[in-house]
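Q: Output the structure for:
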Amino acid sequence: MFKFYITTILILSVIITNSYILKSTKYINRNTIKSTWQEDFDKLVDIDTACDSRPDIASNLLRKLDVIGNDVFTAITERNIDILAPGNLTYGKNLIGAKAFKKQLINDIIPDFLTQQLPKLITELPNITQKLTTNPSNIIKQGEEIINKVNEISKDPSALQSTVDDLEKEIKNIFKSTPVGLYTPPFVVLKSTSNYEIRKYNDYSVASTTISNTGSNPESDIIASGNSFNELAGYILSGENENNEKLSMTTPVIMGNGKMQFVLPPGLNASTAPRPN
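A: Numbering: from 1, shown residues only. The predicted structure follows:
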């Protein structure tokens with residue numbers, strides 16, 4: 001995603017250079033400009049922007065080539081990417097997130113995986129293999145569900161369309177900071193910076209499980225965390241509860257104090273939610 005944005009900005013820079021060479025850029029009355037070129041660019045790269053509106057957005061960008069050229073020159077001379085990708089816009093936030101993740105990946109995730117998680121994974125591999133071979137019921141159940149879904153799609157055109165729509169939504173969610181279609185408890189942003197937000201959530205209930213680990217930081221144990229996630233996903237998504245009821249996935253997934261928690265869908269709490277098996 002980071003490379004995509006930078007490549008797009010570079011392409012715009014080439015267009016700018018050519019426009020100056022050809023002397024084809026017309027004078028712009030800045031009083032008529034209702035949005036910045038960064039805001040237009042944010043709409044252009046938004047996965048949800050309708051294809052029909054993209055030509056108009058691109059046309060608006062072309063009319064602001066002189067402004068873009070000045071900003072690109074200033075950003076390069078001052079080595080300030082914020083001029084081109086403001087942190088208050090979606091693509092700017094994504095760039096900041098990408099840079100932060102890259103730093104975390106190099107400084108924390110990879111060293112921790114190589115020194116802590118990989119040796120543990122090698123040690124636990126025989127136990128994991130034994131569990132899969134001695135108790136394959138979950139794998140068999142998931143396989144049967146897939147087969148039934150394929151049969152349903154093949155017989156029902158509406159099911160096929162629904163599957164295509166769901167797939168399209170999931171592909172779009174790959175490019176979103178907050179996935180669409182998942183319930184999130186209402187909240188108010190108390191403070192927002194380029195690196196984090198402080199939010200005040202309305203009351204909500206959770207399904208919670210303990211991350212089984214004897215270390216001082218169980219949340220960093222990928223095997224234990226994975227087991228806890230699968231346990232909650234079984235309860236929420238696979239209907240592994242007293243009512244065999246499949247619930248909706250929500251956000252956020254909460255980890256801390258040796259626990260993993262899924263937010264329950266609206267209307268459910270400790271009294272009304274089905275008890276886990």
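Q: Thr209 in helix, strand or coil?
A: strand (DSSP: H, G, I helix; E, B strand; the rest coil).
Q: Pull up the gap between the residue nearest to Ser205 when sequence neighbours are not counted and Asn227, please.
A: Excluding its sequence neighbours, the residue lying closest to Ser205 (CB to CB, 6 or more residues apart in numbering) is Asn269, at 4.1 Å. Bear in mind the C-beta positions are built from the backbone N, C-alpha and C, glycine included. Distance of Asn269 to Asn227, given as CB to CB, to the nearest Å: 25 Å.
Q: Give the residue from those two that has the larger number of neighbours.
A: Neighbour count, other CB atoms under 10 Å: between Asn269 and Asn227, Asn227 has more, with 17 against 12.
Q: Quick check, that one in contact with Thr210.
A: No - using CB atoms under 8 Å, Asn227 is not in contact with Thr210; the gap is 10.5 Å.
Q: burial of Ile83, as a residue count?
A: By other CB under 10 Å, 15 other residues sit near Ile83.
Q: How about the contacts made by it?
A: Neighbouring residues of Ile83 by CB atoms under 8 Å, 6 or more residues apart in numbering: Asp71, Thr74, Ala75.
Q: could I get the helix or strand in which Phe73 is found in PDB with only the CA atoms?
A: Element membership for Phe73, per DSSP states H and E: helix 65-78. The C-alpha coordinates for helix 65-78 follow below in PDB (Å, rounded to 0.1, in the frame of the first residue of the first chain):
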ATOM      1  CA  LEU A  65      -1.200  20.800 -11.200                       C
ATOM      2  CA  ASP A  66       0.600  24.000 -10.300                       C
ATOM      3  CA  VAL A  67      -0.300  23.600  -6.600                       C
ATOM      4  CA  ILE A  68       0.700  19.900  -6.700                       C
ATOM      5  CA  GLY A  69       4.100  20.800  -8.300                       C
ATOM      6  CA  ASN A  70       4.800  23.400  -5.600                       C
ATOM      7  CA  ASP A  71       3.900  21.000  -2.800                       C
ATOM      8  CA  VAL A  72       6.000  18.200  -4.300                       C
ATOM      9  CA  PHE A  73       9.000  20.500  -4.600                       C
ATOM     10  CA  THR A  74       8.500  21.700  -1.000                       C
ATOM     11  CA  ALA A  75       8.100  18.200   0.300                       C
ATOM     12  CA  ILE A  76      11.300  17.100  -1.400                       C
ATOM     13  CA  THR A  77      13.400  20.100  -0.300                       C
ATOM     14  CA  GLU A  78      12.100  19.900   3.300                       C
END
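Q: What segments of the stretch 51-200 of the chain are strands?
A: 187-192, 197-201 (DSSP state E, counting those that start in this stretch).
Q: Reformat those as a markdown table; add distance to Gly256 and mean neighbour count.
A: Converted to a markdown table, these look like this (distance: least, CB to CB, whole Å; neighbours: other CB atoms under 10 Å):
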| stretch | distance to Gly256 | mean neighbour count |
| --- | --- | --- |
| strand 187-192 | 17 | 10 |
| strand 197-201 | 15 | 11 |
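Q: Relative to Leu84, which of those strands is closest?
A: Proximity to Leu84 (CB to CB) singles out strand 187-192 among the strands of the stretch 51-200 of the chain, at 20.3 Å.
Q: Remind me what that closest one packs against, helices and strands.
A: strand 197-201 (3 or more CB pairs under 8 Å, 6 or more residues apart in numbering; DSSP states H and E).
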